[in-house]
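>>> Return atomic coordinates for the entry below.
(chains A and B)
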There are 2 protein chains.
Amino acid sequence: MRLHDYLPSGNGYKIRLLQSFLRQPFQLLEYDIIRGETRTSAFLALNPNGKVPVLEISPTKALCESNAILYYLAQTTPYWPVDTWHQAQAMQWLNFEQYSHEPNIATLRFWRKLPSLTQWQQDNIHQKQTAGYAALAVLEQHLGSQDFLVANTLSIADIALYAYTHVASEGGFDLNRFPAVKAWLQRIADHPHYIDIHSREIA
Amino acid sequence: MRLHDYLPSGNGYKIRLLQSFLRQPFQLLEYDIIRGETRTSAFLALNPNGKVPVLEISPTKALCESNAILYYLAQTTPYWPVDTWHQAQAMQWLNFEQYSHEPNIATLRFWRKLPSLTQWQQDNIHQKQTAGYAALAVLEQHLGSQDFLVANTLSIADIALYAYTHVASEGGFDLNRFPAVKAWLQRIADHPHYIDIHSREIA
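Numbers count the residues shown, from 1 in each chain, chains lettered A, B, ... in the order given. Take a look at the predicted model:
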């Protein structure tokens, strides 16, 4: 299996972190999204939506969307719940991540890496800060009473939300306002096979 | 099971449409999101993220996020694939819907219903039109060679993407540019238990 990815991407890091937890080595093919390397015709043949990560499972099977890749890799492992109700809750958090968390927290972090911002981007910073803090508050409330997001066990729901939360400060978010979130981040980072976002290999 | 919903919401309609296909009557509790009825403390106790739909399964079990609710209801029905690879592809489309489709197509439709737009909303129309058309082009390309999104069988991936695609014109999108999408919409609407977005009951 080959992972088409951009190393600073939290969405790609989700996959690499799960694969390290699973002791499943990955072959990394890197693309610089800022230089448009995911907009070439070769890449668009792999993912018509032009986004990393893509997991190439075989010459005829390519899977897109980070949370779908997590779901696929986690089946029959301890990182996907067995109970139907717990599975539904994990799905709830995966959707929360893509809709209410990532578009705000990840986007502001990405914009800070750009050499300059368009007027449209500048006009959107405030709205994304507000929405990003609201998403962190939802996490804080939930994690105030449990160690992990679903069934008190580390699952792909935690991995998905860890990816951009742990680098939220790079988007200008102050995590000191969220002590339960910080404690949860530490619990994930304490995993014996933890790797950081810039790692090209499993631990 | 009680569905907390806002009738014009495509996200809520996904659930109602699946429940009609499954011959599973629902009890509808309606909220006017424009009047802030999902921001009350009673509603936030149900969903701290303040969004409909919420499926209240029992007094202690409430499930949020439309695609998580679809996933939960579709388990062990013909609308969730059996094969692991097909499940992964369905997950890919569910994530595509929440990240690349809904925030553009649904949002522009919602803004058109508002009495007036803020400057920030006005400044975002063009970007959302561009991104919404890009999402429709991804659908068009995929549906050019198959009847349904996954395994050529109607699944919750189709239901999730149907919800806001079939009313995209209400957001200003011209679906005549996408003949394969239009044919696919018709295939879904031909289901014997199809209901429209304003239906409060299964068919």
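>>> C-alpha from now on. contacts and neighbour counts both.
OK.
>>> Tell me the spacing between the spatially most distant residue from the centre of chain A and residue A:34.
Relative to the centre of chain A, and counting by C-alpha atoms, centre = their mean, the farthest-placed residue is residue A:119 at 27.2 Å. According to C-alpha to C-alpha, to the nearest Å, residue A:119 stands 18 Å off from residue A:34.
>>> buried stuff in the least confident helix or strand in chain A by mean pLDDT?
Least confident helix or strand of chain A, by mean pLDDT, DSSP states H and E, is helix A:41-46 with a mean of 94. Across helix A:41-46, burial judged by 16 or more other C-alpha atoms under 10 Å in any protein chain shown covers A:43, A:46.
>>> list the contacts for the nearest residue to residue A:129 once chain neighbours are set aside?
With C-alpha to C-alpha, 6 or more residues apart in numbering or on different chains as the criterion, residue A:129 has its nearest non-adjacent residue at 6.8 Å, and that residue is residue A:104. Taking C-alpha atoms under 8 Å, 6 or more residues apart in numbering or on different chains, we find residue A:104 in contact with A:128, A:129, A:131, A:132.
>>> Mind giving me the packing neighbours of the helix or strand harbouring the second one?
Secondary structure from DSSP states H and E places residue A:129 in helix A:119-143. Using 3 or more C-alpha pairs under 8 Å, 6 or more residues apart in numbering or on different chains; DSSP states H and E as the contact criterion, the secondary-structure elements in contact with helix A:119-143 are helix A:102-113, helix A:179-189, helix B:119-143.
>>> Quick check: next helix or strand after the longest one?
Next helix or strand after helix B:119-143 toward the C-terminus (DSSP H and E): helix B:156-165.
>>> CA-only coordinates of that following helix in PDB, if you can.
Provided in PDB are the C-alpha atoms of helix B:156-165 (Å, rounded to 0.1, in the frame of the first residue of the first chain):
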ATOM      1  CA  ILE B 156     -26.500   5.800   1.900                       C
ATOM      2  CA  ALA B 157     -23.700   7.400  -0.200                       C
ATOM      3  CA  ASP B 158     -26.300   8.200  -2.800                       C
ATOM      4  CA  ILE B 159     -28.900   9.300  -0.200                       C
ATOM      5  CA  ALA B 160     -26.300  11.600   1.400                       C
ATOM      6  CA  LEU B 161     -25.400  13.300  -1.900                       C
ATOM      7  CA  TYR B 162     -28.900  13.300  -3.200                       C
ATOM      8  CA  ALA B 163     -30.100  15.500  -0.400                       C
ATOM      9  CA  TYR B 164     -28.500  18.800  -1.400                       C
ATOM     10  CA  THR B 165     -27.800  18.000  -5.100                       C
END
